[in-house]
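> sequence below, structure please.
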Amino acid sequence: MDIHDMPKLESPFIRQETDGEYIVTPEINPDYAWVLAGGEDEVICMEKLDGTNVSIVIQNGVITGIFNRTARIPFFNKGKKHIVGGLLESHERGYCELPDGQHFGELIGPKVNGNPHKIELHLWIPFQTFGQKHLVYKSWHKYPKTYENIRDWFRKPISEGGIFSLYARMKGIEQKPEGVVFYNLKTGQRAKLRLDMFDFWMGERHKE
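Purely as a prediction, here's the structure:
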């Protein structure tokens, strides 16, 4: 089976350098116009978890490979045992009940990006099952999809109707997510928007 990396996700809005920061503009990227034009039967808006991308390969119903990007993770590995532990925890919860093939997800937990989700154990969250079932913003199709509305949704405090982490809220915690991922159910295309892509962001930004 050919193993491939998770494709690099781009913003639906064109980005440009402003005052030394690489931020989104109101101009729509023509290649990603589907994000704003697609209806609820075509496009979903899912929380972007702040973790590291990990995929698994399933053959004949058995997990036969674990990959961080395209680097294979051996089951016995001193430096990566938290990844294997996260997969085992996910498997125990039934998250790995997937068809044969390569499946992508996000590993979160104590040793990943400062553990913004505040969980005690590492956990692998598959996009295809858990993500699409529990981390989709149902309000995405209820409001006009304009740059101004989306910027306000990201900027406003949660108490004023701003975006919140669906995953954190399931655990009784109110906090902002890293951003969102848009998924085209018909074509498989994806795009992303992070809070740090906007001009109002005051914290540290991702290095592109």
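> what's the burial count for the closest residue to Phe75 other than its chain neighbours?
Using CB to CB, 6 or more residues apart in numbering and skipping residues adjacent in sequence, the residue nearest Phe75 is Val84, 5.9 Å away. Backbone N, C-alpha and C define where each C-beta goes, glycine included. Using other CB atoms under 10 Å, Val84 has 18 neighbouring residues.
> in a strand, Val84, correct?
No. Assessed with DSSP: H, G, I helix; E, B strand; the rest coil, Val84 is helix; it does not lie in a strand.
> against Ile158, how distant is it?
35 Å (CB to CB, to the nearest Å).
> coming back round to it: I'd say the residue nearest to Phe75 and Arg72 touch.
No. Assessed by CB atoms under 8 Å, Val84 is found out of contact with Arg72, at 12.0 Å.
> nearest residue to the middle of the protein?
Lys48 (2.7 Å; CA atoms, centre = their mean).
> which strand residues bridge that one?
Gly179 (DSSP bridges).
> one more: the one 10 residues further on?
In this entry, Ile58 is beta-bridged to Ile63, Gly101, by DSSP bridges.
> residue contacts, it?
By CB atoms under 8 Å, 6 or more residues apart in numbering, the residues touching Ile58 are 64, 96, 98-101, 103.
> in PyMOL, select just the buried ones from those residues.
To isolate the buried subset of those in PyMOL, counting by 16 or more other CB atoms under 10 Å, use the following:
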select buried, resi 96+98+103
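> what comes up buried for stretch 66-86?
By neighbour count on 16+ other CB under 10 Å, the buried set for stretch 66-86 is 66-67, 73, 80, 82-86.
> which members of those define the maximum pairwise distance?
Phe67 and Gly85 (16.0 Å; CB to CB).
> run through who's touching the worst-scoring helix or strand of the chain on mean pLDDT.
Every helix and strand of the chain was ranked by mean pLDDT, DSSP states H and E. The lowest is strand 71-72, at a mean of 82. Outside strand 71-72, the residues that touch it by CB under 8 Å, 6+ apart are 3, 65-66.
> can I get the residues you listed in JSON lines including secondary structure?
Formatted as JSON lines, the contacts of strand 71-72 follow (three-state DSSP):
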{"residue": "Ile3", "secondary structure": "coil"}
{"residue": "Gly65", "secondary structure": "strand"}
{"residue": "Ile66", "secondary structure": "strand"}
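> could you chop the protein up by domain?
7-47+139-201, 50-134 (automatic domain parsing).
> could you tell me the end-to-end distance of the longest one?
Think domain 7-47+139-201. For domain 7-47+139-201, the first-to-last residue distance is 25 Å (CA to CA, to the nearest Å).
> now do the shortest one
For domain 50-134, the first and last residues are 16 Å from each other (CA to CA).
> so where's this protein uncertain?
Scanning the chain for pLDDT under 70 picks out 1-2, 77, 208.
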